[in-house]
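J.: coordinates only, no sequence provided:
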């Protein structure tokens, strides 16, 4: 096989991948944009979702993501700080925590769904609710969030740690005022990974937060996320194609917007505190 | 005596409370793994205890309402879909990684990276939707019913492609530059440099990337649920519908009771063990590279 | 220093109290040893650091000068496996004792590092953070203290218009003076400096050196330096450290001038004449 042929094969394979991706996106945009409108975003679904909009579904999605990040972010950052700042190299407790996080990162999402159903819905009695679903997702994204944040915090220059110590600053202040802002790009990166996984997740939510497509009134109500809505429309509702495609576009846009929010949040924090 | 402790002027008490608080949170997080395993075992116990777990492998098929808990058809379904997806994704992904590492540069590389990130971030339910709306009808026109092993293989291969491409690219990036320069200086052509030097040197990293992709493929639910057809049977043809373990859980959890429910938890436990084993192997393979290069 | 620096920068504000150097011990170091794990890096150092004076620590790399500084404000606590023996008396208390509040200690004994390490914050916040940490809350006091410290460090005129700009945008020399200002803002009694000029270009180095000379009298300064000429220019006292069998030891401690002009020890004589080290 000649050099030219090899190169041609490489280009061909890459072009195939890129072509398929463009096909998917193009198809999605073509089918979805037609049905997408301001009204679609805010009105109630009708006729099992074939008509009407996705208002309550959008609200449920945001509520579930809210629960997920309000629990996962503080816990994740705290655990990351503990791993990076309070465990010495080769510490047994630290290594065990890291190991179990790495194992948790490998558990398939549907299994998180099983656990969430057994633990949050039944054992803790939360039922099929936004709270159950959000907490299940929080658990699912914690490992990757923690490990990314940990890497960020431990890569902060020691010069600042020593500087803070030499000024008689307490460790808590040094962590809060100096180390965390300096690590905020990594925290944002972990957050973005988490956002991607949590908003795309479907399997773990079907039997933790449920199917109900009414407007949720509290965290204890069942709520249907965009991804579950897409699944339901495409699998269980004949004639739901158009709304399914439009919902998929909205989901992609939501992920994009949340990603940019996470980036600007980290940028804002960086600028406000760091001035780099 | 100003240096002595018990200084109450400032709020340094916070420091002493911080470490135990963080440690408690960390240990609680780690303990969640134990909790997950415990709950899976507890829920699965009725169909696992007293040697009943053997039924998973000896029962003919999966008729949970009649007390038949044979998981083998679905396990083979999962494996067949995964193998098919890997046959497609491994060469394509590796080719894309080679493209990104050795051929692309500047603007083209940036566009490629953006598209790959987009594909990696694509929710699997959206890929499933595309498969169901576009691919399945195409296949159905050719070889009905359309929703089949082949459809699942194709869509799943797209889903795991970024895993292969990105992880292989980072393995290729760790090949020492002088080694490549040396190969070029020996007058090796581009293809030989890549095939005879870069890939052999990065082989452990590439294997690890493949294993990670396999683990992802086996753990994926939505794609296989949406396009595989979901008929419980041993896979015996590309155009036949099959049901994967993950899809089975998603399909039946909604209404499963008692032993049926326990059977689903047991299949979840089995799936987790396989996926973790693969992830562990991937980790070990990646580590070997560190020692050998 | 040449006039060049006086015109380019305003270094001032610190009152030159006469006599600049009172030979009363501020710190009494007694039999101080430092080891990292099994490895002893500094052995049995005994010397007095005099109040208001500048004491220079000289000697080749790796002879324990930096460990000596770290022990004095307990930064050794941060290094896993580091242990200290002996005692350092500071106002009747042993700094190395278990009951010492290290945060308060470090407020009173400041430290300047080799590489300038301003926090990646604004200039103002760099000074404000330690002040707030030590309980200063009122805006007016904060602003006054910050201005005072920046004036003392000779940095005020250069940065007064961009206090809210990033500290990392300053030049290396300005960053180091900011670090000194950051230490001064806490009104410490003793300043430890670990080769404060070695990472700077010659001109910035000169400005910082000028500043150190002006601190004499108001602060007790212990400065580690590799630059013998600098030690000669700034210090009242000098301590010469040397390493034998990988263990650092204090060879000679004396008035700076006497140590340089009439050393008692052959090693000292050889080192300052450039024959060794």
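T.: Right, received. Where do you want to start? Computed from a predicted structure; not experimentally measured.
J.: check residue B:86 and give its pLDDT.
T.: pLDDT recorded at residue B:86 is 96.
J.: ok, residue C:270 next?
T.: For residue C:270, the predicted pLDDT is 88.
J.: please report how far it lies from residue A:153.
T.: Separation of residue C:270 from residue A:153 (C-beta to C-beta, to the nearest Å) stands at 47 Å. For every residue, glycine as well, the C-beta is placed using N, CA and C.
J.: more neighbours: which of those two?
T.: Each of residue C:270 and residue A:153 has its neighbours counted (other C-beta atoms under 10 Å in any protein chain shown); residue A:153 has more, 22 against 14.
J.: thought residue A:79 was touching that one, still the case?
T.: No - counting by C-beta atoms under 8 Å, residue A:153 does not reach residue A:79; the two are 10.7 Å apart.
J.: show me where chain B dips below the pLDDT cut-off.
T.: Within chain B, the segments meeting pLDDT under 70 span B:1-14, B:289-293.
J.: strands along that one, start to end?
T.: Counting by DSSP state E, the segments of chain B that form strands are B:62-63, B:68-69.
J.: so for chain C, which of these sits nearest?
T.: strand B:68-69 (53.7 Å; C-beta to the nearest C-beta).
J.: paired strands for the closest one, with orientation please.
T.: strand B:62-63 (antiparallel) (DSSP bridges).
J.: centre of the chain to the partner strand, how far?
T.: Remark: strand B:62-63 is offset 26 Å from the chain centroid, using C-alpha atoms, centre = their mean, to the nearest Å.
J.: same question for stretch B:153-173.
T.: Here the centre of stretch B:153-173 is set off from its chain's centre by 11 Å, with C-alpha atoms, centre = their mean.
J.: just stretch B:113-128 next, same as before
T.: 15 Å.
J.: and the lengthiest helix in chain A, what does it pack against?
T.: Secondary structure assigned by DSSP state H gives helix A:241-273 as the longest helix of chain A. With contacts taken as 3 or more C-beta pairs under 8 Å, 6 or more residues apart in numbering or on different chains; DSSP states H and E, helix A:241-273 sits against helix A:3-33, helix A:38-42, helix A:55-81, helix A:180-182, helix A:184-200, helix A:226-236, helix B:124-130.
J.: any bit of the longest one sitting next to chain B?
T.: To tie it back to what came earlier, the one meant is helix A:3-33. Yes - counting by C-beta under 8 Å from any C-beta of the partner chain, chain B has neighbours in helix A:3-33: A:3, A:6-7, A:9-11, A:13-14, A:16-18, A:20-25, A:27-28, A:31.
J.: residue B:263 contacts residue B:45, correct?
T.: No - look at residue B:263 against residue B:45 with C-beta under 8 Å: they stay out of range, at 11.4 Å.
J.: the more surrounded of the two?
T.: Taking neighbours as other C-beta under 10 Å, residue B:263 and residue B:45 compare with residue B:263 leading, 27 against 14.
J.: close to chain A: what parts of the stretch 151-293 of chain B are there?
T.: So far as C-beta under 8 Å from any C-beta goes, the stretch 151-293 of chain B lies against chain A at B:158, B:161, B:165, B:189-191, B:194-195, B:215, B:218-222, B:225-226, B:246, B:249-250, B:253-254, B:264-265, B:268, B:271-272, B:275-276, B:279, B:283.
J.: cutoff 6 Å now
T.: Taking C-beta under 6 Å from any C-beta of the partner chain as the contact definition, the stretch 151-293 of chain B meets chain A at B:189-191, B:219, B:221-222, B:246, B:249-250, B:253, B:265, B:268, B:271-272, B:275-276, B:279.
J.: any buried residues in stretch A:213-227, and which?
T.: Residues A:213, A:216, A:219, A:221-227 are the ones in stretch A:213-227 that count as buried (16 or more other C-beta atoms under 10 Å in any protein chain shown).
J.: the inter-axis angle of the longest helix of chain A versus helix A:55-81?
T.: Counting by axes from the mean of the first three to the mean of the last three C-alpha atoms, to 10 degrees, helix A:241-273 lies at 40 degrees to helix A:55-81.
J.: what comes up buried for helix A:241-273?
T.: Using 16+ other C-beta under 10 Å as the test for burial, helix A:241-273 gives A:241-252, A:254-255, A:258-259, A:262, A:266, A:269-270, A:273.
J.: do a quick rundown of the strands in chain C.
T.: C:25-36, C:39-50, C:54-58, C:82-90, C:93-94, C:109-112, C:190-194, C:220-224, C:237-244, C:247-255.
J.: quick one: closest of the ones you listed to chain B.
T.: Nearest to chain B among those is strand C:93-94 (5.0 Å), distances taken as C-beta to the nearest C-beta.
J.: quick one: strands adjacent to the closest one?
T.: Strand pairing for strand C:93-94, determined by DSSP bridges: strand C:82-90 (antiparallel).
J.: mind listing residues that contact the strand it pairs with?
T.: Strand C:82-90 has contacts (C-beta atoms under 6 Å, 6 or more residues apart in numbering or on different chains) with C:27-36, C:71-72, C:76, C:94-96.
J.: buried subset of those residues as a PyMOL selection?
T.: Applying 16+ other C-beta under 10 Å to the contacts of strand C:82-90 leaves a buried subset, and the PyMOL line that selects it is:
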select buried, chain C and resi 27+29+30+32+33+34+35+71+72+76+94+95+96
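J.: give me the neighbour count for residue 183.
T.: Went with chain A since none was named. Around residue A:183 there are 26 residues (other C-beta under 10 Å).
J.: that answer is for a different chain, and I need it for chain C
T.: Number of residues near residue C:183 (other C-beta under 10 Å) recorded here: 27.
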